[in-house]
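Colleague: Generate coordinates for the sequence data below:
(4 chains)
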4 protein chains.
Amino acid sequence: MAEASITLRVRYAETDRMGVAYYGNYFTWFEVGRVELLRQLGFRYRDMEEQENSYIVVAEARCHYRRPARFDDLLRIVTRVVESRSRSIRFAYEIYNEETGELLATGETTHVICDANGRPRVLPEKYRKYFPLTNTSAPDARR
Amino acid sequence: MAEASITLRVRYAETDRMGVAYYGNYFTWFEVGRVELLRQLGFRYRDMEEQENSYIVVAEARCHYRRPARFDDLLRIVTRVVESRSRSIRFAYEIYNEETGELLATGETTHVICDANGRPRVLPEKYRKYFPLTNTSAPDARR
Amino acid sequence: MAEASITLRVRYAETDRMGVAYYGNYFTWFEVGRVELLRQLGFRYRDMEEQENSYIVVAEARCHYRRPARFDDLLRIVTRVVESRSRSIRFAYEIYNEETGELLATGETTHVICDANGRPRVLPEKYRKYFPLTNTSAPDARR
Amino acid sequence: MAEASITLRVRYAETDRMGVAYYGNYFTWFEVGRVELLRQLGFRYRDMEEQENSYIVVAEARCHYRRPARFDDLLRIVTRVVESRSRSIRFAYEIYNEETGELLATGETTHVICDANGRPRVLPEKYRKYFPLTNTSAPDARR
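Modeller: Below is the predicted model:
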């Protein structure tokens, strides 16, 4: 399965009065990982929106927080495609402290392909090669 | 079970280039609902942190997105305590478009009680009345 | 000059590890004040974008921070139009702690009217009544 | 004068419904540039807070927006110390589109040194070498 890895530093803006990164910001980091995975797969997500009228719209998101991330920590975001169907894609994430190697958080997001008006559509032909179908038990007609 | 409701408007800052509210912001709205629920239960969460050295630290969060929220939409955040144990609390959320009544999103967050150093602790005595134990099948010794 | 006032509570998400509201968030609060001022003037900014292809695009922003805002503080945002020309509008802001009355911050933003492609344009006819020209010394032809 | 440069990509979370980066986020990018400048000067700002009880607290911030930044644009943040006194530091910023070389925004922030309780103090001895005084006309006693 496709996998990509990218590092980023925790910004002061991302911390809260508890002295750690605010829980909602992990979903932004997931986005950073996801966009990077698509880039490493071979395309720019921005082009998919602008040229193909196709948006990867989030339907579900979850995060399991294990240890806090702190200001200026260097984090590693590992992103994988864990399920790919004609109309939906599921990504999984792991966030590590790059210096200590500790696993800080894991998460998943599920997305549906939509047009600019939010109507579900199938993934455009030209992007299918990047997302081989994972659903072997239940046949998926891609339509 | 305790329940509270509060309204807020989607800010321009909370939208993204898809023209809808960015998915990570729903977790901020959950926080707004949670803090308001505690206030309606009878205490200010800020005091719990400052006077009792007790922090409600998030361990898990999830959101299921049904319909988009748009700039300037008036949203209603409904928050409930769905599980309360000696060391953890679970909240559930529903987000509605206040004008149309549509359910836009549902979610849950699970929290553990910690001190300022992030060590788990039991909920302080004075706050227990606000969180009656929900775990009737498995006895919980509150210690 | 037009003036509007609105209250909001500082969110946990808006605080940082210094224990106070992060400086960038004041500009979001300015936006909340600005949108409310337009509403009180008589129109919804969202409609101006969607129906008139007119965007109030920021050209300059500044904030002077006097005292910190803290989590769960109730703030009052006071917004005024301080200059109104055919192609630009300038707003001024004051942020108060609603409970203590203390002035926490002041600021200003200058905006130009643009179409969806970012090209400057004059304010549409139907909105001019909300923004009487303030530039009396230098004649402004509104064209 | 000290100067540092760092690149970052515009996140989806940072865009708004106008399709460009939200104006408040430029101040977060300024922070990223500032923290990087301190790192290149020779210290980690986090250590200054944690070991010296010294916080670089913002007193004023401004930004002049020239051209929009868009999702996935690679930006270069150039940060300089433009004034350094015993109790205050002023930074200037330039934000460029790294691919086109266009200048997108310029800004400034002024900061005062404070302790954890927000009381102004002089910059600790050990950090003075990083910030040579710039105020030659008006003698500054560093006390």
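
Colleague: Enumerate every residue touching the residue nearest the centre of chain A.
Modeller: The C-alpha lying nearest the average C-alpha coordinate of chain A belongs to residue A:34 (CA atoms, centre = their mean; 3.2 Å). By CB atoms under 8 Å, 6 or more residues apart in numbering or on different chains, residue A:34 lies in contact with A:45, A:56, A:79, A:91, A:109. C-betas here are computed from N, CA, C, even on glycine.

Colleague: Leaving out sequence neighbours, find the closest residue to the first one.
Modeller: Distances taken as CB to CB, 6 or more residues apart in numbering or on different chains put residue A:38 closest to residue A:45, at 4.8 Å, once the chain neighbours are dropped.

Colleague: Please name the residues that touch the one you found.
Modeller: Applying CB under 8 Å, 6+ apart, we find residue A:38 in contact with A:44, A:45, A:48, A:130.

Colleague: can I assume it sits in a strand?
Modeller: No. According to DSSP: H, G, I helix; E, B strand; the rest coil, residue A:38 belongs to no strand; its state is helix.

Colleague: Would you mind listing what in chain A touches chain B?
Modeller: Proximity of chain A to chain B, by CB under 8 Å from any CB of the partner chain, involves residues A:17-18, A:20, A:23-25, A:27-28, A:31, A:49, A:55, A:57-65, A:68, A:109, A:118.

Colleague: Pull out the buried members of those residues.
Modeller: Among these, the ones that count as buried by 16 or more other CB atoms under 10 Å in any protein chain shown are A:17-18, A:20, A:23-25, A:27-28, A:31, A:49, A:55, A:57-65, A:68, A:109.

Colleague: ok, so what distance separates residue A:32 from residue C:113?
Modeller: Relative to residue C:113, residue A:32 is positioned 34 Å away (criterion: CB to CB, to the nearest Å).

Colleague: who's more crowded, the two?
Modeller: Of the pair residue A:32 and residue C:113, residue C:113 is the one with more neighbours under other CB atoms under 10 Å in any protein chain shown, namely 23 against 20.

Colleague: just checking, next helix/strand downstream of the strand or helix carrying that one?
Modeller: Counting by DSSP states H and E, the element that carries residue C:113 is strand C:103-114. Where DSSP H and E defines the elements, the next helix or strand beyond strand C:103-114 is helix C:125-128.

Colleague: quick check: mean pLDDT across that following helix?
Modeller: For helix C:125-128, the mean pLDDT works out to 91.

Colleague: ok, residues contacting it?
Modeller: Counting by CB under 8 Å, 6+ apart, C:43, C:48, C:52, C:54, C:142 sit against helix C:125-128.

Colleague: In ChimeraX, select just the buried ones from these.
Modeller: To isolate the buried subset of the contacts of helix C:125-128 in ChimeraX, counting by 16+ other CB under 10 Å, use the following:
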select /C:43,48,52,54
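
Colleague: what are the bridge partners for residue A:107, then?
Modeller: Counting by DSSP bridges, residue A:107 is bridged to residue A:63, residue A:93.

Colleague: mind checking which helix or strand the residue of chain A most remote from its centre is in?
Modeller: No residue in chain A sits farther from the centre than residue A:17, which is 27.1 Å out by CA atoms, centre = their mean. Per DSSP H and E: residue A:17 is located in neither a helix nor a strand.

Colleague: Across the sheet, point out what pairs with the closest residue to it other than its chain neighbours.
Modeller: Nearest residue to residue A:17, sequence neighbours excluded (CB to CB, 6+ apart): residue C:15, at 4.1 Å. Going by DSSP bridges, residue C:15 is paired in beta bridges with residue C:21.

Colleague: circling back: quick one: the residue nearest to residue A:45 from residue A:48, how far?
Modeller: Taking CB to CB, one finds residue A:38 at 8 Å from residue A:48.

Colleague: mind checking how far residue A:25 is from chain D?
Modeller: 9 Å (CB to the nearest CB, to the nearest Å).

Colleague: How about the secondary structure of residue A:47?
Modeller: Assigned with three-state DSSP, residue A:47 falls in the helix class.

Colleague: Around it, count how many other residues there are.
Modeller: Counted with other CB under 10 Å, the neighbours of residue A:47 add up to 13.

Colleague: ok, now residue A:42?
Modeller: Residue A:42 has 10 nearby residues by other CB under 10 Å.

Colleague: Name the residues of the helix or strand hosting residue A:7 that are buried.
Modeller: Residue A:7 belongs to strand A:3-9 when assigned by DSSP H and E. By neighbour count on 16+ other CB under 10 Å, the buried set for strand A:3-9 is A:4, A:5, A:6, A:8, A:9.

Colleague: Which of the residues you listed sits closest to residue C:86?
Modeller: Set against residue C:86, the nearest of those by CB to CB is residue A:8 (43.6 Å).

Colleague: Without its sequence neighbours, what residue ends up closest to the closest one?
Modeller: Spatial nearest neighbour of residue A:8, chain neighbours left out: residue A:75 (5.7 Å); criterion: CB to CB, 6+ apart.

Colleague: Who are the packing partners of the helix or strand hosting the one you found?
Modeller: Using DSSP H and E, residue A:75 sits in strand A:74-84. Packed against strand A:74-84 by the contact rule (3 or more CB pairs under 8 Å, 6 or more residues apart in numbering or on different chains; DSSP states H and E) you find strand A:3-9, helix A:25-41, strand A:88-97, strand A:103-114.

Colleague: As CSV, these with mean pLDDT would be great.
Modeller: Formatted as CSV, the helices and strands packed on strand A:74-84 follow (pLDDT from 0 to 100):
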stretch, mean pLDDT
strand A:3-9, 97
helix A:25-41, 97
strand A:88-97, 97
strand A:103-114, 98
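
Colleague: List, one by one, the residues from chain A near chain C.
Modeller: Chain A comes close to chain C at residues A:12, A:13, A:15, A:16, A:17, A:19, A:20, A:22, A:24, A:70, A:71, as judged by CB under 8 Å from any CB.

Colleague: for the third one, what are its contacts?
Modeller: Going by CB under 8 Å, 6+ apart, residue A:15 touches A:21, A:22, A:70, A:71, C:16, C:17.

Colleague: What of the last one?
Modeller: Taking CB under 8 Å, 6+ apart as the criterion, residue A:71 is in contact with A:10, A:11, A:12, A:14, A:15, A:19, A:21, C:17, D:46.

Colleague: ok, those residues vs chain B, which is closest?
Modeller: Checking the contacts of residue A:71 against chain B with CB to the nearest CB, the nearest one is residue A:19 at 8.4 Å.

Colleague: Could you verify that the closest one is part of a strand?
Modeller: No. Remark: residue A:19 does not belong to a strand; assigned using three-state DSSP, it is coil.

Colleague: Pretty sure it sits against residue C:17.
Modeller: Yes. Residue A:19 is within contact range of residue C:17, at 4.7 Å (criterion: CB atoms under 8 Å).

Colleague: quick one: common contacting residues for those two?
Modeller: Residues touching both residue A:19 and residue C:17 by CB under 8 Å, 6+ apart: A:70, A:71.

Colleague: coming back round to it: of all the contacts of residue A:38, which comes closest to residue A:102?
Modeller: Nearest to residue A:102 out of the contacts of residue A:38 is residue A:45 (CB to CB; 29.2 Å).

Colleague: Check what contacts stretch A:92-106 and list those residues.
Modeller: Stretch A:92-106 is contacted from outside by A:7, A:26, A:29-30, A:33, A:63-69, A:73-80, A:82, A:107-109, using CB under 8 Å, 6+ apart.

Colleague: Measure how far it is from the centre of its chain, please.
Modeller: Stretch A:92-106 sits 15 Å away from the centroid of its parent chain (CA atoms, centre = their mean, to the nearest Å).
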